[in-house]
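> Coordinates for the following, if possible.
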Amino acid sequence: MNIIVCVKRIPKTAEADIFIEKDNKDIKKDNLVFALNDWDGYAVREAVLLKEKFEGEVIVLTVGPDESKEVLTRCLAMGADRAIRIEEPIPNDGRLIAETLAKVIQTGPFDLILTGVQAEDDGWGQVGVALAQILGIPHASIVTHIHIEGGKAKVRRELEGGLEELLEIKLPAVLTIQTGINEPKYVSLAAILEAEDKETKEMTLEEIGFSPREPLDATIDQVSFPPTGKRAEILKGTPDEVVGQLTEIIKRKKGS
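Presented below is the predicted three-dimensional model:
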């Protein structure tokens, strides 16, 4: 089974001081730590687990700058067999990234394509679904379980409200992977050093025959911090007293 996993290098912002660029189009990333997108890490791990069952090859793809080789090396240390870095189209959006990936994916045989549900930095969640549309193959999103049998993937996907859906999809297909589908594997320094000897190919947009054009889906007009709201109000008293206070607050809100 040949499995392709699409991954992304993203800035970690949860515990960092964030500043906005002067043009208000993006955040400043000079002093941020970059790492493999969390959802993509689960996708790589799932691909490696499937390879252990069915043999074959796991190839990781990324679209991004030269520094993206760091996350590709980590994916190789996790058990992927080889990696490809593709030059980033400018301008870019989810659709253009999907088209760039498709140009490379179409050149070789594959049985399954995995992506993360979304990227931590933009949260669009578009690339996997758009990639399936471009390639003309079935897809399922927010997948939490995969079982391969008889040329089909039986998957469980997450829905809103705690519901789940069971689907049977004919391969080849695209699946976007939700966190928690598997147990992440610790990657040792020794594994990372060994991964540096594995094949990592670099390709330009010209080499894959792709010409960047105006973004199709969305452009960023302005980036800003969310407005500062009022602090939470703590209601004290017995349960009956708290219910009474809450009722009065709701009445005031409706009347305002």
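> how about the helices in this protein?
38-54, 69-77, 94-105, 127-135, 189-195, 239-255 (DSSP state H).
> can you redo the ones you listed as TSV with mean pLDDT, distance to residue 154 and mean neighbour count?
No exception for glycine: its C-beta is placed from N, CA and C like everyone else's. Below are those laid out as TSV (pLDDT from 0 to 100; distance: least, CB to CB, whole Å; neighbours: other CB atoms under 10 Å):
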stretch	mean pLDDT	distance to residue 154	mean neighbour count
helix 38-54	95	13	21
helix 69-77	94	26	22
helix 94-105	91	23	22
helix 127-135	94	18	22
helix 189-195	92	31	13
helix 239-255	86	46	10
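> Where does pLDDT dip in this structure?
Where the chain drops to pLDDT under 70, the residues are 91-92, 212-218, 255-256.
> Just the strands from it, written as ranges.
2-7, 9-12, 33-36, 57-63, 82-86, 112-116, 139-149, 152-158, 164-170, 173-177, 200-203 (DSSP state E).
> among the ones you listed, which is the most enclosed?
Of all those, strand 112-116 carries the top mean neighbour count, a mean of 28, counting by mean count of other CB atoms under 10 Å.
> List the neighbouring strands of that one plus their orientation.
strand 2-7 (parallel), strand 173-177 (parallel) (DSSP bridges).
> Residue 44: which of these is closest?
strand 2-7 (5.2 Å; CB to CB).
> Next, the residues that contact the closest one from outside, please.
Strand 2-7 has contacts (CB atoms under 8 Å, 6 or more residues apart in numbering) with 36-37, 40, 43-44, 47, 50-51, 56-62, 71-72, 75, 80, 101, 105, 108-116, 127-128, 131.
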